[in-house]
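1. here are the coordinates; sequence isn't available:
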Ligand SMILES: Nc1ncnc2c1ncn2[C@@H]1O[C@H](COP(=O)(O)OP(=O)(O)O)[C@@H](O)[C@H]1O
Ligand SMILES: Nc1ncnc2c1ncn2[C@@H]1O[C@H](COP(=O)(O)OP(=O)(O)O)[C@@H](O)[C@H]1O
Ligand SMILES: [Mg+2]
Ligand SMILES: [Mg+2]
Ligand SMILES: [Mg+2]
Ligand SMILES: [Mg+2]
């Protein structure tokens, strides 16, 4: 295992220590339970946005804590959902009295842990709602299964909802906005190499020099299919077409109902992309790919969108939701409206995203 | 070779095409001769800052073109210095009448090509001065050799001089500032893996699972020494101590003399770091290392600096001067003064650096 | 009867079993998941049994509740809430007890299973730990209903668990990370089902030890 | 005498030689440099000879100047300015000529070498192309001084070049990328010296072809 680490079991903690030392103007870190939060939290009257998930996806989520984005992030062990006590402690730390939104990626672990946290928080009088992000079109089935994973759209939802919270949106509006971002975002990724979980010490899977994995997630897990290595144009075509041609996606998700004070099943449907739609095109690095290669992906993606009558009006290219040192990339296309554009453009100051 | 590319020979051009498509608000790209320049160039009365070098170091240099940093960048083939005609064409494009500074990394190729460009530019009536960056303490000898390579300090010099140009500094002041930045910056790097030049198609060198290279440059070349893999704390200790304990570094460099209208040899000396110095600590990704690991480097670096009475007042952590997909990192310590701090903090808007 | 001492021994035995199978469980998870199940379980159960010395004087309900709380706050992932909920629900039905009859044990396991089902919403055949826990609890219940003797009933349960575990191999995963793999999930044994099998096996071995 | 036709043949032959040795030169550069020397030379010389059809009617000076300009604007790296300067300086001393005496050829090579020395500031023993070019030009000059016959003089030059090339192996590099390696640069043949040797060898072979 080739990594810049000390002991594998200290990796997450030491990385957070380095982050805290480097960005003391933006974040503070609490250990046991572990969470990262804005130095200026709680902000009275502002809705607090909290996310969290396994570590190994840097800069997500801890790198997105700061003005204009998250109020707190809960990092778990590498690729392992954090625990309810972390989420609860984070909520208490940043609660400004206007309620809290948990942005949760749709993985059994994350969903269950955040559900437990939500249940406990509410018994303690903290107002918490949750929105699931499930945008990975590589996952085909929807009903009666875990459904689609939460990937690239998470980053965009955190930015857009963070800006909305900063602008004084109330919890109800932010929840609706977050749901809308999720319903309009779709992603898919590929890997040229596996990654190595520090505690495991060897790659999760192995690929020969001429193979790649299509439809991977962000946990170093193998994808939907293993195929022969292709040119970047062909790969981009695959990812883009899977996203663009994705049929309306219907599924049932569980959200907390404030009136009924219990979990309710909500049916949600992603509309398909349409000619004329304005898009945010997000080309994401899985970790080990040079940014120069991401530009090759973007080059082809821009051409495909133009051919299909889709208009890219914003873009984001770089390492934002990664799988340790995995080589590969993912594409996310988010259909934008005026409100989302204004919120996307709003200032943000975090370790991982800043303008 | 596992890369997101089409044909290796099209790599540099297609990557620039993607970049141009993605950042049309910031940059334009000219092909044949190839250079990247600010959309708002030339800016009358502003000194223009130009850099360039082989490709494969993204975001350097093209990703640093934009307000508050470079006016133009000349990308060569991968790891190959660009040619004088590129540099000359870039100079003509961005010349705002206040003179041009070429920031040149100290490699035979870069030095010679920029010298030729400078000579031709002057015959064409364009006022051009050059500053060499030579900050890599891994290179031991100085007199009678090529001397030290230009590495991490280049990024910092480009930011600081770019801000100065934006604030209206004249060419003489910017040249002095750039020289001062170089004299106060020192770097050293390590590699856990090699990288693969696309046109070559196989790794430049191979390392076993338990080996690493110490004192590497940024061209995928082997380093000063090959040793057994160590913990990140030990590696950071090595790099930091090599920089901190580096003796005053004396060498002769060639700069263009405007009065004599010819190349003159200038003797320069880097002062050593002293207790109490204020530093910018720059932990740079060689390309394939997750940012979480860079934070482990920073964590240890911050401790070492504190122990040595050095005060880190600014930091930069991430992928800024890379070697394609190489795994590893470099550390740069730049001694700051008030003027440099103010210029560092000044706004910048480029694809690779923004605040 | 199963006494408190045996419950403590079981928890210890399971933790040891997890430690021994840490790499194995992680490898199973590498194939159809994210290569952390053994690591997660090992971290959580080691922390849990480290708490046991503080509660040896308390009843079985409190012991299991302590285990549950530690699992919930230290495993994370899918197995954290699931094993956490298993022990939490199990603890409530044996609250106040220091020894358990066959019926108590059945109710305890049933409550744990119900908790897992409610938390994870998985069904039989989804290729999860439910595919081991559920047939085992059914078999145990039937055997207990017939002759009320714990040890042979638990042997029946283990046989069913083992069969359930084998059955996960051809299944197409519908819950958990393996579900993302679609048809590629088929042909591989589920890691969580494997750890659940080890949990029941440790219980049987603990019970057998006493009778020896 | 060497005529214009032979100069064109030489440039063609060298380009072919570079193409054949592209991987070899790149591998040499991978060991003590950055793995691009063969790629650089191949790119540059292919572009250069693509220009030749436009200038076949012109004198040797202009032909070499065209080559030089193309090399300068298409190789980059260290070898671009060095080979570019070599041909630029060479071109000036043979300006206007359509055939070259032994003395012309000597002056041409000497001027090219001087250009390389001035541009690169390397000295003999620094482990660069100078370690091939310099002894070759010296040997050629001595032979020309003695008997004024080109072919044997060029054979002498090649012998010296070959020796110079071998000599680069043990050297500690002081210029170019290999210098960063310090003592690790020792024991490896210099890539630029190797391409310079191929350049002279192509010249000899072109001259020999005619005499055959
Ligand atoms: N919804 C669910 N219901 C029951 N068991 C589940 C569910 N989701 C996952 N599991 C079980 O959890 C196991 C994986 O646990 P683990 O690897 O620790 O968590 P994660 O999948 O979060 O990495 C799976 O093998 C499966 O048996
Ligand atoms: N200052 C110099 N003077 C003479 N030759 C040099 C000098 N620097 C480098 N070289 C030659 O250039 C060769 C490397 O060329 P190349 O690989 O194309 O360029 P780069 O080093 O820029 O990648 C070296 O092997 C050496 O012979
Ligand atoms: Mg996990
Ligand atoms: Mg080169
Ligand atoms: Mg797992
Ligand atoms: Mg080279």
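-> Good, I have the coordinates. Everything numeric here is computed off the predicted structure, so don't read it as measured data. Ligands and ions are numbered 1, 2, ... in the order given.

2. Is any residue of stretch A:217-227 near chain C?
-> Yes: in terms of CB under 8 Å from any CB of the partner chain, part of stretch A:217-227 sits within range of chain C, namely A:217, A:219-225. No exception for glycine: its C-beta is placed from N, CA and C like everyone else's.

3. do the same with stretch A:253-260
-> No: interface with chain C: stretch A:253-260 contributes nothing (CB under 8 Å from any CB), its closest point being 8.5 Å away.

4. mind checking how far that stretch is from the chain centre?
-> Centre-to-centre, stretch A:253-260 and its host chain are 22 Å apart (CA atoms, centre = their mean, to the nearest Å).

5. which residues of chain C fall in helices?
-> Applying DSSP state H to chain C gives helices spanning C:4-20, C:22-32, C:37-51, C:60-74, C:79-93, C:102-120, C:130-147, C:150-168, C:191-211.

6. try chain A
-> A:11-22, A:84-94, A:108-123, A:153-166, A:171-183, A:232-244, A:291-307, A:338-345.

7. If we go by neighbour counts, what in the third one is buried?
-> Taking 16 or more other CB atoms under 10 Å in any protein chain shown as the basis for neighbour counts, the residues of helix A:108-123 that come out buried are A:108-118, A:120-122.

8. could the helices of chain C go into a markdown table alongside mean pLDDT and mean neighbour count?
-> Formatted as a markdown table, these follow (pLDDT from 0 to 100; neighbours: other CB atoms under 10 Å in any protein chain shown):
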| stretch | mean pLDDT | mean neighbour count |
| --- | --- | --- |
| helix C:4-20 | 97 | 19 |
| helix C:22-32 | 95 | 22 |
| helix C:37-51 | 96 | 23 |
| helix C:60-74 | 96 | 22 |
| helix C:79-93 | 96 | 25 |
| helix C:102-120 | 97 | 20 |
| helix C:130-147 | 96 | 21 |
| helix C:150-168 | 97 | 20 |
| helix C:191-211 | 93 | 21 |
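
9. circling back: ranking by neighbours, what's the top pick from the residues of stretch A:217-227 next to chain C?
-> Among the residues of stretch A:217-227 next to chain C, residue A:220 has the most neighbours (other CB atoms under 10 Å in any protein chain shown), with 30 neighbours.

10. can you pull the contacts of residue C:125?
-> By CB atoms under 8 Å, 6 or more residues apart in numbering or on different chains, the contact list for residue C:125 reads C:131, C:171, C:174.

11. What residues sit buried inside stretch A:338-352?
-> Under 16+ other CB under 10 Å, the buried positions of stretch A:338-352 are A:340, A:343-344, A:346, A:348-352.

12. what's the distance between the residue in chain C positioned nearest to ligand 6 and residue A:154?
-> Residue nearest to ligand 6 within chain C: residue C:35 (39.9 Å; CB to the ion). Residue C:35 is 21 Å from residue A:154, where distance means CB to CB, to the nearest Å.

13. residues contacting residue 58?
-> I'll assume chain A. Applying CB under 8 Å, 6+ apart, the residues near residue A:58 are A:15, A:319, A:322, A:352, B:290-292.

14. ah, I was thinking of chain C
-> Counting by CB under 8 Å, 6+ apart, residue C:58 has contacts residue C:66.

15. got a pLDDT number for it?
-> With respect to pLDDT, residue C:58 has a value of 96.

16. Residue C:9 contacts residue C:206, correct?
-> Yes: proximity of residue C:9 to residue C:206 meets the contact threshold set by CB atoms under 8 Å, at 4.8 Å.

17. Give me the neighbour count for the closest residue to residue A:121 other than its chain neighbours.
-> Leaving out its chain neighbours, the residue that sits closest to residue A:121 by CB to CB, 6 or more residues apart in numbering or on different chains is residue A:128, at 4.5 Å. The number of residues packed near residue A:128 is 25, by other CB under 10 Å.

18. Pairing partners for residue A:128 in the sheet, please.
-> Listed by DSSP bridges, the beta-bridge partners for residue A:128 are residue A:100.

19. Check the spacing between it and chain C real quick.
-> To chain C, residue A:128 is 17 Å away according to CB to the nearest CB, to the nearest Å.

20. which ones are touching that residue?
-> A:91, A:99-102, A:117-118, A:121-122, A:256.

21. Among the buried residues of helix A:108-123, name the ones that also lie close to ligand 2.
-> Among these, proximity to ligand 2 is found for none (CB under 6 Å from any ligand atom).

22. Of those, which is the nearest to residue D:120?
-> Nearest to residue D:120 among the buried residues of helix A:108-123, counting by CB to CB, is residue A:110 at 59.6 Å.

23. Could you pull up the residues touching the closest one?
-> For residue A:110, the contacting residues are A:52-53, A:81, A:104, A:150, by CB under 8 Å, 6+ apart.

24. and chain C, which residues reach ligand 5?
-> C:29, C:33-34, C:36-37 (CB under 5 Å from the ion).

25. Determine which two of the residues you listed are furthest apart.
-> For these, the farthest-apart pair by CB to CB is C:34 and C:37; their separation is 8.4 Å.

26. Residue A:293 is in contact with residue A:318, correct?
-> No: assessed by CB under 8 Å, residue A:318 is found out of contact with residue A:293, at 11.6 Å.

27. re earlier: now render the buried residues of stretch A:338-352 as JSON lines, adding distance to residue B:240 and pLDDT.
-> Shown next, in JSON lines, are the buried residues of stretch A:338-352 (distance: CB to CB, whole Å; pLDDT from 0 to 100):
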{"residue": "A:340", "distance to residue B:240": "44", "pLDDT": "98"}
{"residue": "A:343", "distance to residue B:240": "42", "pLDDT": "98"}
{"residue": "A:344", "distance to residue B:240": "39", "pLDDT": "98"}
{"residue": "A:346", "distance to residue B:240": "38", "pLDDT": "98"}
{"residue": "A:348", "distance to residue B:240": "32", "pLDDT": "98"}
{"residue": "A:349", "distance to residue B:240": "28", "pLDDT": "98"}
{"residue": "A:350", "distance to residue B:240": "27", "pLDDT": "98"}
{"residue": "A:351", "distance to residue B:240": "22", "pLDDT": "98"}
{"residue": "A:352", "distance to residue B:240": "25", "pLDDT": "98"}
